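> Here is a sequence with its predicted model. Questions after.
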Amino acid sequence: MANPKRRHSKSRRGKRRAHDFLTTPNLSTCSHCGSPVLPHRVCPNCGYYKDRQVIEVEEV
């Protein structure tokens, strides 16, 4: 098994981990109410998906 001969510095470790950050989810707008929704999901606000009502949402 290959083992490191010398210790890697913090900057070198940081360069390797440069792409390991969290990204924000891509949001699209609901075609019915305009609220931000994850793509390909039913809108939790109004219950619409692709311009038709899929679930009944109770008004509070």
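Structure's in. What do you need?

> which one is E56 nearest to, not counting chain neighbours?
Spatially, and ignoring its direct neighbours in sequence, E56 is nearest to G47 (6.2 Å; CB to CB, 6 or more residues apart in numbering). In this view, the C-beta of every residue, glycine as well, is placed from N, C-alpha and C.

> okay, now the one you found: neighbour count?
G47: 17 surrounding residues under other CB atoms under 10 Å.

> go on, Y49?
By the criterion of other CB under 10 Å, Y49 has 17 neighbours.

> What residues does the closest residue to it other than its chain neighbours make contact with?
Counting by CB to CB, 6+ apart, the nearest residue to Y49 once its immediate chain neighbours are dropped is V42, at 4.5 Å. Listed by CB atoms under 8 Å, 6 or more residues apart in numbering, the contact set of V42 reads Y48, Y49, V54, I55.

> Also R6?
By CB under 8 Å, 6+ apart, no residues touch R6.

> hmm, back to that, would you show me how to pick out the buried ones of the contacts of V42 in PyMOL?
Entered in PyMOL, the line below selects the buried ones among the contacts of V42, by 16 or more other CB atoms under 10 Å:
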select buried, resi 48+49
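
> one step back: next, work out how far apart the residue nearest to Y49 and R6 are.
As judged by CB to CB, to the nearest Å, V42 and R6 stand 54 Å apart.

> now swap in P36 and tell me
Remark: distance between P36 and R6 (CB to CB) = 49 Å.

> Show me the shaky parts of this protein.
Within the chain, the segments meeting pLDDT under 70 span 60.

> mind checking the SS state of the spatially most central residue of it?
Compute the mean C-alpha point of the chain, and by CA atoms, centre = their mean the closest residue is P25, 2.4 Å away. Of the three states, P25 takes coil according to DSSP: H, G, I helix; E, B strand; the rest coil.

> from memory it sits against L38, does it?
Yes - under the criterion of CB atoms under 8 Å, P25 makes contact with L38 at 6.2 Å.

> Show me where the protein has its strands.
Remark: strands assigned in the chain by DSSP state E are 28-29, 36-37, 48-49, 52-53.
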